[in-house]
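# got a predicted model here, sequence first, then my questions.
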Amino acid sequence: MLSIVVLISGGGSNLRALLEAASDRDFPARIVAVGSDTDAAGLAHAEQFGVPTFTVTPTSFADRAAWGDELLQQVEQWTPDLVVCAGFMRILPPRFVGALSPNLINTHPALLPLFPGAHAVRDALAAGATETGVTVHIVDEGVDTGPTLVQRSVAVLPGDTEHVLQERIKVIERDLLVQTVRDIATSTIDLSSIHQSNRSATPS
């Protein structure tokens, strides 16, 4: 049984999807804790399912590195097999990434490497894209630059606003994240192999 810590910053719709999936006894993973960098509304989902929560607020620390060290300590006390960034809106410090990657994944509302960063949906619309989507990837020290695990396309429709497109992407994102976690838990996706293959393919 794969044990998971989920990190969120907002409403937690992806977290909710994982919690609902994990409530099925046949699902091969369980969420042991949920963390946040703020008093996120999505923490209520964890509480509803009886999952412990923790909050590590960056403004409580002298610098980003100190915040990351405390966040890592909070995560590691649960000894998770996998950490899922599900709408976690902060770049993780190198020591945090180094300690957990490749067992550290993120969802992103675009077909990476296109439109990385915090405004992916807005950027896709501004660029006149006719297609965008969702990527689940391993987190590395860059911004949305880690090895891709899976992607799924979403059409950009005439008249789409940022909100409308974002909501349509979220439906796909939730489904893709749940399936990816299932595939990791059943070894259909091997994070270590993908990570190593990516390192071997990267010029030194």
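Arrived safely.

# what about the strands in the chain?
2-8, 29-36, 53-55, 82-85, 104-108, 131-138, 148-155 (DSSP state E).

# relative to strand 104-108, how tilted is the helix-or-strand element of the chain with minimal mean pLDDT?
When each helix and strand of the chain is scored by mean pLDDT, DSSP states H and E, helix 191-201 comes last, with a mean of 81. Following axes from the mean of the first three to the mean of the last three CA atoms, to 10 degrees, one obtains 80 degrees for the angle between helix 191-201 and strand 104-108.

# quick one: list the elements packing against helix 191-201.
Applying 3 or more CB pairs under 8 Å, 6 or more residues apart in numbering; DSSP states H and E, we find helix 191-201 packed against strand 131-138. Bear in mind the C-beta positions are built from the backbone N, C-alpha and C, glycine included.

# turn the strands of the chain into JSON lines, columns for distance to L72, mean neighbour count and mean pLDDT.
Conversion of these to JSON lines gives the following (distance: least, CB to CB, whole Å; neighbours: other CB atoms under 10 Å; pLDDT from 0 to 100):
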{"stretch": "strand 2-8", "distance to L72": "11", "mean neighbour count": "24", "mean pLDDT": "98"}
{"stretch": "strand 29-36", "distance to L72": "10", "mean neighbour count": "22", "mean pLDDT": "98"}
{"stretch": "strand 53-55", "distance to L72": "12", "mean neighbour count": "17", "mean pLDDT": "98"}
{"stretch": "strand 82-85", "distance to L72": "10", "mean neighbour count": "24", "mean pLDDT": "98"}
{"stretch": "strand 104-108", "distance to L72": "11", "mean neighbour count": "24", "mean pLDDT": "97"}
{"stretch": "strand 131-138", "distance to L72": "17", "mean neighbour count": "22", "mean pLDDT": "98"}
{"stretch": "strand 148-155", "distance to L72": "22", "mean neighbour count": "16", "mean pLDDT": "98"}
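
# which one of the ones you listed lies nearest to A120?
strand 104-108 (6.4 Å; CB to CB).

# note down every partner strand of the closest one and its orientation.
Looking at strand 104-108 with DSSP bridges, its paired strands and their directions are strand 82-85 (parallel), strand 131-138 (antiparallel).

# give me the contacts around that strand.
Applying CB atoms under 8 Å, 6 or more residues apart in numbering, the set of residues contacting strand 104-108 from outside is 14, 82-88, 92, 97, 116, 120, 134-139, 144, 146, 149, 173, 176-177, 180, 184, 191.

# any idea of the angle that strand forms with strand 148-155?
10 degrees.

# now strand 104-108 - C-alpha only, CSV.
Listed in CSV are the C-alpha atoms of strand 104-108, where the atom choice follows Å, rounded to 0.1, in the frame of the first residue of the first chain:
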residue,chain,number,x,y,z
LEU,A,104,7.8,13.9,-5.5
ILE,A,105,5.3,14.7,-8.2
ASN,A,106,3.3,17.7,-9.4
THR,A,107,0.3,18.4,-11.6
HIS,A,108,0.4,21.3,-14.0
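
# cheers, nothing more for now.
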